[in-house]
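Colleague: Predicted model, plus sequence, below.
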Amino acid sequence: MADSVLRLTGVGVRYRTPAGEVTAVSDVSLEVPPTGITVLAGPSGSGKSTLLRVLSLVERPTTGGVELRGAGTARLSNRARRALRRREVALVFQDPADNLVAHLDVRDNLRAAAQAAGREVEVDELLARLGLPGTAGWRVPSLSGGQQQRLAFGCALARRASVVLADEPTSQLDPASADLVLETLTDLAARGVPVVVASHDPRLIALAHTRFELENGVLAA
Ligand SMILES: Nc1ncnc2c1ncn2[C@@H]1O[C@H](COP(=O)(O)OP(=O)(O)OP(=O)(O)O)[C@@H](O)[C@H]1O
């Protein structure tokens, strides 16, 4: 097994805007270990979401490299990169509505996620594991925000992604719903699925096995 599931080397991200060039992230090198919860922390605007998009292969960095399980990704075509991302990487967004298909029931959300990665899923077993037993036939809007986020992580499990990344997964939830998500993250990590989370939620940061602090787009020492 590679020493890290994801490795960034000298990553920089710059955006051209009408007001000029913006440097979102600058010269970041880090390794995400193959187990445990890794947190990207830092104040608003420090580059957490940008770095998460780079780590999840959604966005190519302007400079530097990204390795997934020891293999470089810079030379991949867009198509090969998309295929790799679909197979290996799961990204959970902060708004539950962005993670699930609202008109499908819980079972079909899990099945669709699994199928997209060429996998099969034992729906009832997975739902029991997620603390959502008996909800297979429910439509997504019948679930609470926390349950929807749990299901989103369940979709990541259904795909058997090599790494699960999440952007502020508790920020739109009430405390009780956020608790459900924290439990799910702990469970994923306990089962050996590496999780990377961008967050400034202190309760989530307290769960980190590995923590990187960003400040103005650079890693704090
Ligand atoms: N697509 C873009 N175009 C232009 N500037 C961008 C873009 N994405 C991010 N930025 C800028 O890059 C910097 C880092 O943004 P980013 O969203 O990564 O920070 P963040 O730490 O996730 O913030 P928050 O916690 O508020 O989500 C900010 O100055 C932001 O305005």
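Modeller: Looks like it arrived, so ask away.
Colleague: got the buried residues for the lowest-mean-pLDDT helix or strand in the chain?
Modeller: When the helices and strands of the chain are scored by mean pLDDT, DSSP states H and E, helix 175-190 comes last with a mean of 88. Buried residues in helix 175-190, defined by neighbour count with 16 or more other Cβ atoms under 10 Å: Ser177, Ala178, Leu180, Val181, Leu182, Thr184, Leu185, Asp187, Leu188, Ala189. Where you see a C-beta, it was placed from the backbone N, CA and C, and this is true even at glycine.
Colleague: The fifth one contacts Thr170, correct?
Modeller: It stands for Leu182. Yes - under the criterion of Cβ atoms under 8 Å, Leu182 is in contact with Thr170, at a separation of 7.0 Å.
Colleague: three-state assignment of Ser171?
Modeller: Three states are possible here, and by DSSP: H, G, I helix; E, B strand; the rest coil the one that applies to Ser171 is coil.
Colleague: now do Arg119
Modeller: When classified by three-state DSSP, Arg119 comes out as coil.
Colleague: could you list every residue that touches it?
Modeller: If you count contacts by Cβ atoms under 8 Å, 6 or more residues apart in numbering, Arg119 has them with Ala158, Arg159, Arg160.
Colleague: could you point out which element follows the host helix or strand of Leu110?
Modeller: Assigned by DSSP states H and E, Leu110 belongs to helix 106-116. Scanning the chain past helix 106-116 towards its C-terminal end, the next helix or strand to appear is helix 123-129 (assignment: DSSP H and E).
Colleague: Could you report the distance from Arg85 to the ligand?
Modeller: Using Cβ to the nearest ligand atom, to the nearest Å, Arg85 is found at 19 Å from the ligand.
Colleague: what number of residues lie near that residue?
Modeller: Residues contacting Arg85 under the criterion other Cβ atoms under 10 Å number 18.
Colleague: Pretty sure it sits against Leu55.
Modeller: No - contact status for Arg85 versus Leu55: not in contact, 10.9 Å apart, counting by Cβ under 8 Å.
Colleague: ok, so what distance separates Val32 from the ligand?
Modeller: In this structure, Val32 and the ligand are separated by 17 Å, where distance is defined by Cβ to the nearest ligand atom.
Colleague: check contacts around the nearest residue to that residue once chain neighbours are set aside.
Modeller: Using Cβ to Cβ, 6 or more residues apart in numbering and skipping residues adjacent in sequence, the residue nearest Val32 is Leu6, 4.1 Å away. If a contact means Cβ under 8 Å, 6+ apart, then Leu6 has Glu31, Val32, Leu55, Val66, Glu67, Leu68, Val163, Val196 as its contacts.
Colleague: Quick check: pLDDT value at Leu6.
Modeller: According to the per-residue confidence, Leu6 scores 98 in pLDDT.
Colleague: backbone phi and psi for it, please?
Modeller: As for Leu6, its main-chain torsions (degrees, to the nearest 10) stand at phi -140, psi 140.
Colleague: is it in a bridge, and if so with what?
Modeller: When assigned by DSSP bridges, Leu6 has beta-bridge partners Val32, Leu68.
Colleague: do the one 5 residues further on as well
Modeller: Taking DSSP bridges, one obtains Val28 as the residues bridged to Val11.
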